[in-house]
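Visitor: Here is my input; please provide its structure:
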Amino acid sequence: MSQRQHRTLSWQMASGFTLLAGVCALAIGLYVINARQHVGANYAALVADVVRAQQHPVLLRHTLDRLQSPTPQIHEERLENLLWRIPQHIDGVTYGLERSQLDPGDYAAALDRLRRVEEQIPELQRHVDDVLAGVAPDGLTRLGYVIENELSWAYSELNELIHVAAAEQRLTMERLTWAIGALVVLVLMVVGGLMLALLRLHREREAVKRLSLADELTGLGNRRYLLEVAGRLHEQSLRNDQPLSMALLDLDLFKELNDSLGHPAGDRVLKAFANALQEEVRQADIVARIGGEEFCILMPDTSAEGAFELAERIRHHIAELTEPTLGAPTTLTVSLGLATGEGQGSHFDSLYSRADKALYKAKADGRNCTRVA
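Guide: Numbering: from 1, shown residues only. Okay, here's the model as predicted:
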C-alpha cells in the first residue's frame, strides 16, 4: 500500500470513529432529554392535581368562617360548589396515584383519609340543606372543620411524598445517564482500540508485503515485484499505445570477484551498483534485482533510442565507479541487453526473451557493452 493509500485508510477509520462517537453522543443526549421529559411527565400531572386540591381546605375554611355574615346565601352557594368539586379532585388524585410508580403502602394512609372525606361529603351536604332551611350552622361548621383538617393533612402528605419520589427518580435517572455514558465511553474505547489494532495489523501486513517484494540486500524490487509491476505496465502500454522497454543487466565477471575478494565485498559491490542504477533511472522506471548479479529495468513510454541512451549512461557510470564507492579494491563493468515492444509485444515474457538474447550477445561480444534485440 502506498503512503497515500495508508493516509486515506487512516482518515477513513478516524472519520468512522468520529461519526460513531457523534452518533453515540447524540443518542445519549436524546435519551437524557426524553428521560427527563418522561420523569417530569410522570409526576407533573399528579403534582398539579394535588396542588389544585390543596386549595380546597383553604376555600372550605374561608367559606365556613363567613357563614355568619349578613349574606350567608352567597357563601352557601360557594360551599355547595366546593362540595361538588372536592370528590372530583379526590377521584382524580386517586387515579393518578394508582397509575404512578409510588408504593401503595406509602400513600395508603392519606388515601384512607380522602376516602373518609368522600363518605362525609353527603352528611356535610345535608347540613348545608338544613342551614338553608333555617337551622343553625353549628353542625355544618364542626363537620366542615373536620373535613378541612382531613384534606389538609392528606394533601400535605401526598405533596411531600410526590416531591420526594420525583427527586429520587431524577437522581436515579442521572445515575443511569452517567452509567450509560460511561458504558458508551467504554464501548468507544474498545472500538477505538480495535480500530488502532486493525490499522496496526494493516501496517504490519503491508510491511510484510513490501518485504516480500523487495530484495533484502539492495533494497530494490525482486523478481516477484517485477512481475507484478510488469503486468500493470503492459496494460498501460496497451491502453496508451506507447512503447515499453526493458533492459537486462549483468555484472561482468562477478563470480570471479566473489571468489577472489569474498562475499562481503561482493555484497558491497552489489549495493553500490544498485545505488548507481537508481541515480540514473527516472522516477517512472522500475528497477529490480532478479538474480545474483542480474538486474532488470522496465522503462514505460520509452522508445528503443531512449532505452539505449539510458543503458549507455548506466554503463559509463558503472565503469567510472571508484574503489571507495564500490567498497572493494576492484573495478566494475556491466553488460546490457535491450528490448522494446508495443501492444502485445510489450508483454513481459516477450520483452524478457528478447532482452535476454541481446544480453547473451553483449556477453559474447566481449562484455561491457549494450546490445539491442
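Visitor: for the stretch 1-150 of the chain, what spans make up the helices?
Guide: 3-53, 55-65, 72-99, 104-132, 138-212 (DSSP state H, counting those that start in this stretch).
Visitor: CA atoms of the helix or strand hosting residue 306 as PDB?
Guide: Secondary structure here is read from DSSP states H and E; on that basis residue 306 sits in helix 304-319. Below are the C-alpha coordinates for helix 304-319, written out as PDB (Å, rounded to 0.1, in the frame of the first residue of the first chain):
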ATOM      1  CA  ALA A 304      14.400   1.900 -28.300                       C
ATOM      2  CA  GLU A 305      16.500   5.000 -28.800                       C
ATOM      3  CA  GLY A 306      15.600   6.400 -25.300                       C
ATOM      4  CA  ALA A 307      16.300   3.000 -23.700                       C
ATOM      5  CA  PHE A 308      19.700   2.800 -25.500                       C
ATOM      6  CA  GLU A 309      20.700   6.200 -24.200                       C
ATOM      7  CA  LEU A 310      19.900   5.300 -20.600                       C
ATOM      8  CA  ALA A 311      21.700   2.000 -21.000                       C
ATOM      9  CA  GLU A 312      24.800   3.700 -22.200                       C
ATOM     10  CA  ARG A 313      24.700   6.300 -19.400                       C
ATOM     11  CA  ILE A 314      24.400   3.500 -16.900                       C
ATOM     12  CA  ARG A 315      27.300   1.500 -18.500                       C
ATOM     13  CA  HIS A 316      29.600   4.500 -18.400                       C
ATOM     14  CA  HIS A 317      28.600   5.400 -14.800                       C
ATOM     15  CA  ILE A 318      29.400   1.900 -13.600                       C
ATOM     16  CA  ALA A 319      32.700   1.800 -15.300                       C
END
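Visitor: where does the stretch 151-300 of the chain have low pLDDT?
Guide: When residues are selected by pLDDT under 70, those of the stretch 151-300 of the chain lie in 209-211.
Visitor: now the stretch 1-150 of the chain
Guide: Under the criterion pLDDT under 70, the flagged ranges of the stretch 1-150 of the chain are 1-14, 16-17, 19-21, 24-25, 27-42, 67-76.
Visitor: I'd like to know how far residue 327 sits from residue 349.
Guide: 36 Å (C-beta to C-beta, to the nearest Å). For every residue, glycine as well, the C-beta is placed using N, CA and C.
Visitor: Report the contact partners of the closest residue to residue 317 other than its chain neighbours.
Guide: The shortest distance from residue 317 to any non-neighbouring residue, by C-beta to C-beta, 6 or more residues apart in numbering, is to residue 276 (5.4 Å). Residue 276 sits next to 314, 317-318, 321 when contact means C-beta atoms under 8 Å, 6 or more residues apart in numbering.
Visitor: For residue 276, give its distance to residue 325.
Guide: Distance, residue 276 to residue 325, using C-beta to C-beta: 8 Å.
Visitor: Could I get the buried residue list for stretch 364-371?
Guide: Within stretch 364-371, the residues that count as buried by 16 or more other C-beta atoms under 10 Å are 368-371.
Visitor: okay if I get those as TSV plus distance to residue 61, pLDDT and secondary structure?
Guide: Formatted as TSV, the buried residues of stretch 364-371 follow (distance: C-beta to C-beta, whole Å; pLDDT from 0 to 100; DSSP: H, G, I helix; E, B strand; the rest coil):
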residue	distance to residue 61	pLDDT	secondary structure
368	125	96	coil
369	126	96	coil
370	121	97	strand
371	124	96	strand
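Visitor: and of these, the nearest to residue 310?
Guide: For the buried residues of stretch 364-371, the residue nearest residue 310 by C-beta to C-beta is residue 370; the value is 9.7 Å.
Visitor: tell me the contacts of that closest one?
Guide: Under the criterion of C-beta under 8 Å, 6+ apart, the contact list for residue 370 reads 308, 311-312, 315, 335-338, 362.
Visitor: residues of the helix holding residue 306 that come out buried?
Guide: Taking 16+ other C-beta under 10 Å as the basis for neighbour counts, the residues of helix 304-319 that come out buried are 307-308, 310-311, 314-315, 318.
Visitor: and that helix, what does it pack onto?
Guide: Counting by 3 or more C-beta pairs under 8 Å, 6 or more residues apart in numbering; DSSP states H and E, the packing neighbours recorded for helix 304-319 are strand 244-251, helix 263-280, strand 294-300, strand 334-341, strand 370-372.
Visitor: Past it, which element shows up next along the chain?
Guide: Beyond helix 304-319 in the direction of the C-terminus, DSSP H and E gives the next helix or strand as helix 323-326.
Visitor: Show me what that next one is packed up against.
Guide: Applying 3+ C-beta pairs under 8 Å, 6+ apart, one finds that helix 323-326 makes contact with helix 263-280.
Visitor: now the helix it packs on and helix 304-319, what's the angle there?
Guide: Helix 263-280 and helix 304-319 meet at an angle of 140 degrees, taking axes from the mean of the first three to the mean of the last three C-alpha atoms, to 10 degrees as the criterion.
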